[in-house]
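*Asks:* how would this look folded up:
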Amino acid sequence: IHTMHICFLCNEYPPGRHGGVGSFTQTLGRALVNCGHRVTVIGLYDCEKILDERDEGVRIVRVPHAKLPGTGFMINGARLRYVLRYLHSQDAMDVVEGPELSLAMIPEDFPAAKVIRMNGGHQFFASTLGAKPKRWRSWLEQRSFSRADHLCAVSQYVAETTRQLLQLGSRPIAILPNPVDTSRFIPQPPQLEEDGLILFAGTVCEKKGVRQLVQAMPRIVAAVPNARLWIAGRDWLDPQTGESFIEKLRQMISAELSDKIVFHGMVEHSELPKMMAKASICVYPSHMEAMPLAWLEGLAMGKALVASQTGPGPEAIEDGVSGLLCNPHDPDSIAEKLILLLNDRDLRHRLGCQARQRAVNRFSVETLVGHNQEFYAQCAASAAK
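*Replies:* Numbering: from 1, shown residues only. Predicted structure coming up:
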């Protein structure tokens, strides 16, 4: 495969506040650089002027986003197009890729191959979580998809659900799961594990299933008295009321359980492996995901996992083999799986070993960087015709 210049559109490249898309872009970007490709990341950030940075060979160009409410689409669009065209004139890009909404502001005639990588867009999450899609965001998403030359998705589930929602017909969609860094997330000595410790890591909000997890705790502690739950992740504030989701959860916790459930707040991504090493079980009862990086990190650490059976759950974890899947809407289902694992060290160990194997074989950067290169090479070749 000849060397290519690949550009990612990403508004959450680490450090700073980022989610799965930011971690994914960093992991794949660094891996592509190691394979000899040139990688540029362009995005809108809370900065005063354009910042041009380097991260292990990846070039990150942070563009200040519009400050005035209501001017974002015009001003951000103009700034992004200017930077994109300027960088392309310096070093021609072969591929420009971003998540569902990202191509809405990119010129239709931009000469590189334009790719959308589906991580679960606005309409996907609205419809699968039973909310009403917003018209403006839905329009932007449709506009973005109409500009894409090629499509890929992080799971079969997100690909096929989005195909139906956006009426994509028979357009080909390559399945490229999120890669996990299996050299950073690695099994730790078993003596670090604290018996009875359950860890949840992720944004503390309704769709991550944390409320049902907290509701499951009385039953868990009744069955396993030394059980306790750590919740690591940033708080979610209700955009209408400003109400804190963590405060809402605290009000649900009885006095007897208050010392059994600890909120750790935002934890640096680099600190997560240390925290996960202490846990007997990692739990991710999300109502819906696209292909969550947190689960894959748990697999790579060789942890016993309880995750959600909805959406791409069965694509990430084989139930009973590399983890256990629960009904995330049912606190009893969550409790049942966690109690089973807390009481059975051998089962935890067996699932953890299989989890690590699955991460290495299916989701490691080494495995997936090759698939991504082949996909990009095909996209670049068709754009060059």
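*Asks:* hang on, residue 98 packs against residue 13?
*Replies:* No: taking C-beta atoms under 8 Å as the definition, residue 98 is not a contact partner of residue 13, at 11.9 Å. No exception for glycine: its C-beta is placed from N, CA and C like everyone else's.
*Asks:* Who has more neighbours out of those two?
*Replies:* residue 98 (27 against 24; other C-beta atoms under 10 Å).
*Asks:* what's the distance between the more buried one and residue 202?
*Replies:* 23 Å (C-beta to C-beta, to the nearest Å).
*Asks:* next one: residue 137
*Replies:* On the measure of C-beta to C-beta, residue 137 and residue 202 end up 23 Å apart.
*Asks:* Have a look at those two and say which one is more surrounded.
*Replies:* It is residue 202, of residue 137 and residue 202, that has more neighbours when counted by other C-beta under 10 Å, with 24 against 16.
*Asks:* for the stretch 201-350 of the chain, what are the low-confidence residue spans?
*Replies:* Within the stretch 201-350 of the chain, no range satisfies pLDDT under 70.
*Asks:* Please repeat the previous calculation with a cut-off of 90.
*Replies:* 238-240, 242, 268-270 (pLDDT under 90).
*Asks:* Tell me where it has strands.
*Replies:* Remark: strands assigned in the stretch 201-350 of the chain by DSSP state E, counting those that start in this stretch are 228-232, 261-265, 281-284, 304-308, 324-326.
*Asks:* Only the C-alpha atoms, please, for stretch 244-254, written as CSV.
*Replies:* What follows is stretch 244-254, C-alpha atoms only, in CSV (Å, rounded to 0.1, in the frame of the first residue of the first chain):
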residue,chain,number,x,y,z
SER,A,244,-26.7,17.4,37.9
PHE,A,245,-27.3,13.7,37.1
ILE,A,246,-24.9,12.6,39.9
GLU,A,247,-27.0,14.6,42.4
LYS,A,248,-30.1,12.9,41.2
LEU,A,249,-28.4,9.5,41.7
ARG,A,250,-27.2,10.5,45.2
GLN,A,251,-30.8,11.3,46.2
MET,A,252,-31.8,7.7,45.3
ILE,A,253,-29.1,6.1,47.5
SER,A,254,-30.2,5.0,51.0
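*Asks:* Give me the residues contacting it.
*Replies:* With contact meaning C-beta atoms under 8 Å, 6 or more residues apart in numbering, stretch 244-254 is reached by 204-206, 210-211, 214-215, 217-218, 231, 235-238, 261, 263.
*Asks:* same thing with stretch 157-176?
*Replies:* 100, 117-121, 123-124, 127-128, 141-142, 145, 150-156, 290-291, 311-312, 315, 368, 371-372, 375.
*Asks:* How far does stretch 250-266 stretch from one end to the other?
*Replies:* 17 Å (C-alpha to C-alpha, to the nearest Å).
*Asks:* in it, what counts as buried?
*Replies:* Of the residues in stretch 250-266, those buried under the neighbour-count criterion (16 or more other C-beta atoms under 10 Å) are 253, 257, 260, 261, 263.
*Asks:* roughly how far is it from the heart of the chain?
*Replies:* On the basis of C-alpha atoms, centre = their mean, to the nearest Å, stretch 250-266 sits 26 Å off its chain's mean C-alpha point.
*Asks:* cool, stretch 186-201 as well?
*Replies:* Distance, centroid of stretch 186-201 to centroid of chain: 22 Å (C-alpha atoms, centre = their mean).
*Asks:* for stretch 181-193, same thing?
*Replies:* That offset, for stretch 181-193, works out to 20 Å (C-alpha atoms, centre = their mean).
*Asks:* what is the mean pLDDT for it?
*Replies:* Across stretch 181-193, the average pLDDT comes to 93.
*Asks:* Show me what counts as buried in that stretch.
*Replies:* 181, 182, 185, 188, 193.
*Asks:* name the element residue 174 belongs to?
*Replies:* strand 173-175 (DSSP states H and E).
*Asks:* what's the burial count for residue 352?
*Replies:* Using other C-beta under 10 Å, residue 352 is surrounded by 24 other residues.
*Asks:* How about it, nearest residue that isn't a chain neighbour?
*Replies:* Excluding its sequence neighbours, the residue lying closest to residue 352 (C-beta to C-beta, 6 or more residues apart in numbering) is residue 302, at 4.4 Å.
*Asks:* and residue 141, how many residues sit next to it?
*Replies:* Neighbour count of residue 141, defined by other C-beta under 10 Å: 26.
*Asks:* brain fart, residue 309
*Replies:* Neighbours of residue 309 using other C-beta under 10 Å come to 15.
*Asks:* Leaving out chain neighbours, which residue sits closest to it?
*Replies:* residue 325 (3.9 Å).
*Asks:* give me the beta-bridge partners of the one you found?
*Replies:* residue 307 (DSSP bridges).
*Asks:* how deep is it tucked in, by neighbour count?
*Replies:* Around residue 325 there are 21 residues (other C-beta under 10 Å).
*Asks:* Ok, residue 70 next?
*Replies:* By other C-beta under 10 Å, neighbour count at residue 70 equals 8.
*Asks:* before we move on, back to that, can you flag which of the contacts of stretch 244-254 belong to helices?
*Replies:* 210, 211, 214, 215, 217, 218 (DSSP state H).
*Asks:* Where neighbours are concerned, which of those residues has the most?
*Replies:* Busiest of those [other C-beta under 10 Å] is residue 210, holding 26 neighbours.
*Asks:* Just list the residues touching that residue, thanks.
*Replies:* 200, 202, 204, 231, 245, 249, 285.
*Asks:* now it: how far from residue 199?
*Replies:* Counting by C-beta to C-beta - residue 210 and residue 199 are separated by 12 Å.
*Asks:* Then residue 321?
*Replies:* 21 Å.
*Asks:* ok, the two, which is more surrounded?
*Replies:* residue 199 (24 against 13).
*Asks:* helix/strand/coil for the more buried one?
*Replies:* Of the three states, residue 199 takes strand under DSSP: H, G, I helix; E, B strand; the rest coil.
*Asks:* The closest residue to it other than its chain neighbours and residue 266: what is the separation?
*Replies:* Nearest in space to residue 199, with sequence neighbours left out and distances taken as C-beta to C-beta, 6+ apart, is residue 279 at 3.7 Å. Separation of residue 279 from residue 266 (C-beta to C-beta) stands at 18 Å.
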